[in-house]
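Undergrad: Build the 3D model from these lines:
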Amino acid sequence: MIFSELYSAYYKTIALIIKAAIDHPLDKNEIRKIVEENAFQESLLYVEPAILDERWQLITSDGKTPIKNVPRQPLTLLEKRWIKAVMLDPRVRLFTDEVLDFPDVEPLFTPEDYLIFDKYNDGDDFSNEDYIRNFRTILNAIKNDAPLTIDTENRYGKIFSKIVIPKHLEYSEKDDKFRLYAAGKGQGEIINLGRIKKCERFEGEIDKRKFKENRQNKSQVVFLLYDIRNALERVLLHFAHFEKQAEKLDENLYKITIIYNKEDETELEIRLLSYGPMIKVIEPESFVGLIKSRLRKQKSCGI
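TA: Presented below is the predicted three-dimensional model:
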């Protein structure tokens, strides 16, 4: 597997476990703590059993390790090429002006290598300097729980100004847009960053108790996953950007809960259907109804 931000967390976690075991024998609780602090919630389903059952042969039954040296992770040529390719993504500039470069290698791929057919063409302009400045201002406000004054333009070209407390940013892969979820006076706000004309720190006094988040926009879907042909790993990777929980019910049966925004319901429905018989949606009834309705439409078309 090529280095990625997802899998590097696993490598880092295992390296920390080995490093700790070199220093002193580990018990089950210490291994679990390292995994919980450095990997993902569902990582316990993979990492802990593999170590404790000695399938990976990294930690012995007495909590020690046969490895003598602390693991190092120098970048390979393939990893350098991958990182250089990622640096070509214009969204990188939203976070930093320092772009990693390896002059001695060619990028593994370029944007011209992709033909995207399931994404809208009116995505945000990530190279726009005003957009970049607004994005960084919002990101800083989220980190510091600071209020902002935001001027937005509606579909009719009218400008509205509002004071909000940013809570988190969300990227829609299908829309190719960022959305801001913020607490507002009396109710939550969901703002498309592309509609923000001006964004700056609010320096006045506010009563944060009067600023509410929009909780009604969140929904969840629960489904059973049959781990056939490595389905569990593929599903967790596919839905890595969603808030989720995974529970093992049987040897190859898992219960997965995904938290999503109503705006993404159709996209989520289509993505779940792509796994065919390996997934069975069980809750809520409304989402089960959506799945049945779409399957009936597909059947009527001879699919």
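Undergrad: contacts, neighbours, all on C-alpha from now
TA: Will do.
Undergrad: thinking Leu44 is in contact with Ile31, fair?
TA: No - the criterion here is Cα atoms under 8 Å, and Leu44 misses it with Ile31 at 9.9 Å.
Undergrad: remind me which residues of the stretch 1-150 of the chain are low pLDDT?
TA: 1-7, 41, 117-119 (pLDDT under 70).
Undergrad: State the number of residues packed around Pro25.
TA: Using other Cα atoms under 10 Å, Pro25 is surrounded by 15 other residues.
Undergrad: can you check Glu243 too?
TA: Other residues close to Glu243 by other Cα under 10 Å number 11.
Undergrad: which residues does it bridge with?
TA: Beta-bridge pairing for Glu243 (DSSP bridges): Ile259.
Undergrad: Please apply the same query to Leu169.
TA: Leu180.
Undergrad: Settle it for me: which of Leu44 and Ile31 has more neighbours?
TA: More crowded of Leu44 and Ile31, by other Cα under 10 Å: Ile31, with 24 against 17.
Undergrad: Can you pull the phi/psi pair for the closest residue in space to the more buried one that isn't next to it in sequence?
TA: Spatial nearest neighbour of Ile31, excluding adjacent residues (Cα to Cα, 6 or more residues apart in numbering): Ile17 at 6.6 Å. Main-chain dihedrals, Ile17, degrees, to the nearest 10: phi -60, psi -40.
Undergrad: I figured Ile17 was touching Ile34, is that so?
TA: Yes - using Cα under 8 Å, Ile17 makes contact with Ile34 at a distance of 6.8 Å.
Undergrad: and those two? which has more neighbours close in?
TA: Ile17 (23 against 15).
Undergrad: how close does the more buried one sit to Val70?
TA: 10 Å (Cα to Cα, to the nearest Å).
Undergrad: and the closest residue to Leu108 other than its chain neighbours, what does it touch?
TA: Nearest residue to Leu108, sequence neighbours excluded (Cα to Cα, 6+ apart): Arg81, at 4.8 Å. By Cα atoms under 8 Å, 6 or more residues apart in numbering, the residues touching Arg81 are 102, 105-108.
Undergrad: Nothing else from me, thank you.
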